[in-house]
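Asker: Okay, sequence plus prediction incoming.
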Amino acid sequence: MDNFQKNFITRPRVSSRGTSAEAVDGLVAARPRVSSRGTALGARDGPVVASDKKLIRCSLVHEKQIMDEIVLLHRSTGNYYALNQTGTIIWNYCKEGKKVEEILDFISGEYPVEKKEIEKDIRLYIQELLQEGILEIW
């Protein structure tokens with residue numbers, strides 16, 4: 001397995017409305033950064049996932065494998081996202097619904113890094129996916 005990659009979303013996402021994109025904290029997002037629920041994004045104080053809840057992929061998100069990346073299209077918002085190898089592994093792992101701890105354990109087993117080292121990055125990534133409506137709490 002290659003090295004753990006922090007910037008899980010690697011390509012700009014642009015809405016079907018043609019808004020431009022800019023990089024923010026290693027994630028790439030279109031402006032304005034507002035979730036489908038009307039809440040502002042990027043504050044890092046979004047949904048907190050209870051340890052007994054699972055994360056599942058939103059049924060409105062369509063995926064397409066392109067080489068070693070996956071491109072996601074949220075059919076409701078028109079935004080698309082290109083995930084790097086690590087982001088793709090997390091996306092694929094969540095197909096059946098997983099708890100945050102299960103995701104952390106899985107990724108720490110896939111890469112030669114300690115769980116504690118990647119926990120903050122993974123939790124922030126999951127938070128962004130929840131805020132964007134790509135993952136949902138089940």
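Answerer: That came through fine. As the structure is a computational prediction, the values presented were derived from the model and not from experiment.
Asker: Extract the C-alpha trace of the longest helix seen in the chain and format it as CSV.
Answerer: Secondary structure of the chain read by DSSP state H shows that its longest helix is helix 115-131. Below are the C-alpha coordinates for helix 115-131, written out as CSV (Å, rounded to 0.1, in the frame of the first residue of the first chain):
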residue,chain,number,x,y,z
LYS,A,115,-4.2,5.2,14.5
LYS,A,116,-3.6,8.2,16.8
GLU,A,117,-1.6,9.9,14.0
ILE,A,118,-4.4,9.8,11.5
GLU,A,119,-7.4,10.1,13.7
LYS,A,120,-7.8,13.9,13.4
ASP,A,121,-7.4,13.9,9.6
ILE,A,122,-9.9,11.1,9.2
ARG,A,123,-12.4,12.7,11.6
LEU,A,124,-12.2,16.0,9.7
TYR,A,125,-12.6,14.2,6.4
ILE,A,126,-15.7,12.4,7.6
GLN,A,127,-17.1,15.6,9.0
GLU,A,128,-16.7,17.3,5.6
LEU,A,129,-18.4,14.3,3.9
LEU,A,130,-21.3,14.6,6.3
GLN,A,131,-21.6,18.3,5.8
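Asker: and that helix, what's its mean pLDDT?
Answerer: Helix 115-131 carries an average pLDDT of 89.
Asker: check contacts around Trp91.
Answerer: Arg57, Glu63, Ile70, Leu72, Leu83 (CB atoms under 8 Å, 6 or more residues apart in numbering). Any C-beta I mention is one placed from the backbone N, CA and C, and that applies to glycine too.
Asker: can you do 6 Å?
Answerer: Ile70, Leu83 (CB atoms under 6 Å, 6 or more residues apart in numbering).
Asker: same thing with Leu60?
Answerer: Contact analysis of Leu60 by CB under 6 Å, 6+ apart lists His74, Arg75, Ser76.
Asker: related to what we said a few turns ago, who does the longest helix of the chain touch, helix- and strand-wise?
Answerer: Judged by 3 or more CB pairs under 6 Å, 6 or more residues apart in numbering; DSSP states H and E, helix 115-131 is in contact with helix 100-110.
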